[in-house]
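Participant: here's a sequence, model it:
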Amino acid sequence: MNQHVSLHDHPLMGIDWQVEPGLLGYETGLAGMEARAEAIIAGTARERIWLVEHPPLYTAGTSAQADDLLAPRFPVHVTGRGGQYTYHGPGQRVVYLNLDLGKRGKDVRRFVQALEDWMIAALADLGVPAWTAAGRIGVWTRGPDGGEAKIGAIGVRVRKWVTLHGLSINVAPDLSHYDGIVPCGLRAFGVTSLADLGLPAEMATLDAALAGRAPAMLSSIETGTSAAMHSGT
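Facilitator: All right, here's what the predicted structure looks like:
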């Protein structure tokens with residue numbers, strides 16, 4: 001069964017936190033996200049943060065370049081989120097956010113920054129120093145070889161001030177699955193995961209870190225107060 005947790009007790013929240021068991025088909029997830037957004041717009045549903053895992057697939061965002069699809073090893077889904085090609089699959093936590101920016105400041109840039117900070121703070125709780133980099137979307141750390149590698153991705157869409165899509169963090173996916181694409185159009189950088197870094201790779205551990213940092217993330221959307229550093233060495 002789905003794990004539903006009400007975060008209504010926190011004064012900043014009043015939203016649903018839902019953890020989906022098993023692997024969720026991408027089209028099913030997309031339909032559920034779209035339906036929830038429409039219900040929020042209509043005023044008939046609460047906001048939701050939905051944590052899922054998908055079977056192996058590639059998604060193409062609105063900026064995707066055809067030559068960045070190197071080998072379509074898995075189904076390719078064209079999606080309305082921002083960004084280029086990315087991979088989703090088992091061992092990767094995908095977080096879909098249906099939040100109402102209409103009551104949270106109507107600032108999309110601040111929303112994206114809040115998501116970046118949220119990932120950085122949660123990863124820090126797990127012992128991973130991470131940062132953003134100018135000109136590159138997502139969250140970065142040092143891979144096993146010491147070079148910068150991507151550990152978290154962001155791709156969002158906003159409809160009538162309600163957010164769709166969200167972010168992903170690599171816990172223990174099969175990193176060879178990224179070989180079929182140029183992730184986010186960045187050819188000079190690799191990808192990594194908690195497992196790749198030799199760290200405990202339990203999805204529930206990451207989920208707990210994200211939940212613990214969620215109030216600060218929501219506060220940041222509304223106030224613009226950054227909760228994490230945005231550069232690294």
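Participant: point out where this protein drops to low pLDDT.
Facilitator: In the predicted model, the chain carries pLDDT under 70 at residues 1-13, 183-188, 225-233.
Participant: which helices and strands does the longest helix along it pack with?
Facilitator: Among the elements of type helix in the chain, defined by DSSP state H, the one spanning the most residues is helix 203-223. Using 3 or more C-beta pairs under 8 Å, 6 or more residues apart in numbering; DSSP states H and E, the elements in contact with helix 203-223 are strand 16-19, strand 48-52, strand 92-98, helix 108-125. No exception for glycine: its C-beta is placed from N, CA and C like everyone else's.
Participant: can you point out the buried residues in that helix?
Facilitator: Neighbour counts using 16 or more other C-beta atoms under 10 Å place 203, 205-207, 209-211, 213-214, 216-222 of helix 203-223 among the buried residues.
Participant: got it, and stretch 146-162?
Facilitator: In stretch 146-162, residues buried by neighbour count (16+ other C-beta under 10 Å) are 148-158, 161-162.
Participant: relative to the whole chain's centre, how far out is that stretch?
Facilitator: For stretch 146-162, the gap between its own C-alpha mean and the chain's C-alpha mean amounts to 6 Å (C-alpha atoms, centre = their mean, to the nearest Å).
Participant: tell me which helix or strand comes right after the strand ranked longest in the chain.
Facilitator: Of all the segments of type strand in the chain, defined by DSSP state E, the longest one is strand 148-159. Using DSSP states H and E, the next helix or strand after strand 148-159 towards the C-terminus is strand 162-170.
Participant: can you pull the contacts of P55?
Facilitator: Contacts of P55 were listed using C-beta atoms under 8 Å, 6 or more residues apart in numbering, and they are L23, G25, Y26, G89, P90.
Participant: let's see it at 7 Å
Facilitator: If a contact means C-beta atoms under 7 Å, 6 or more residues apart in numbering, then P55 has L23, G25, G89, P90 as its contacts.
Participant: give me the beta-bridge partners of the nearest residue to R36 once chain neighbours are set aside?
Facilitator: Nearest-residue entry for R36: N98, 4.6 Å, with adjacent residues in sequence omitted and distances by C-beta to C-beta, 6 or more residues apart in numbering. Beta-bridge partners of N98, counted by DSSP bridges, are R48.
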